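1. Quick one, fold the following:
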Amino acid sequence: MHLITKASVCSGCLSCMTVCSTVNDGYSSLSSSRIEIELDEFGGNNRIFVCRQCAEPDCARACPVDAIYKDNTLGVWRVDYGLCIGCRECVDACRFSAMFFDPLQRRVIKCELCAGRGSPACVEACPTGALRLKA
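-> This is a model prediction of the structure:
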């Protein structure tokens, strides 16, 4: 499973970012979102950054303590915060700029497709259909 993005229809409302942090952390903060929208305020060519659930992820390969692992039950790559040392090697390694550092919680974060919660909240919140889940 992974998210399919269609940036050409993204309005830049940031609903996906707001609901992401709310669902995952219990509070609304753009800096705690596991999806990021880079706004092009004048051209309207917004960019969407979110984990692509790579088959062979560079982030997992770069992790010196193997804290990024494949949850085979849920079918997604996740971060084991009990192992993570906060070195941010995964953030630097991601070729899609989809690993983030949350300055509020002082830890790395990535989209885990709202694993175990059903449909990703960002998909449900997107008013334009710029996000959808592909099995």
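
2. tell me the strands in the protein, going along the chain?
-> Taking DSSP state E as the criterion, the chain contains strands spanning 2-5, 35-38, 47-50, 68-71, 76-79, 100-102, 107-109, 131-134.

3. With Ser11 as the reference, name the closest of these.
-> strand 35-38 (9.6 Å; CB to CB). Using the backbone N, CA and C atoms, a C-beta is placed for each residue, glycine as well.

4. Tell me which other helices or strands that closest one touches.
-> helix 15-25, strand 47-50 (3 or more CB pairs under 8 Å, 6 or more residues apart in numbering; DSSP states H and E).

5. What residues does the nearest residue to His2 once chain neighbours are set aside make contact with?
-> Spatially, and ignoring its direct neighbours in sequence, His2 is nearest to Gln53 (4.1 Å; CB to CB, 6 or more residues apart in numbering). In this structure, Gln53 makes contact with Met1, His2, Val76, Trp77, Leu113, judged by CB atoms under 8 Å, 6 or more residues apart in numbering.

6. Can you tell me which of the residues you listed is closest to Gly26?
-> The closest of those, once distances to Gly26 are taken by CB to CB, is Leu113, at 18.4 Å.

7. Backbone dihedrals for the residue lying farthest from the centre of the chain, both of them.
-> Of all residues in the chain, Phe42 has its C-alpha farthest from the mean position, at 25.1 Å, by CA atoms, centre = their mean. Note on Phe42: backbone dihedrals following degrees, to the nearest 10 are phi -100, psi -30.

8. For Gln105, see how far away it is.
-> To Gln105, Phe42 is 33 Å away according to CB to CB, to the nearest Å.
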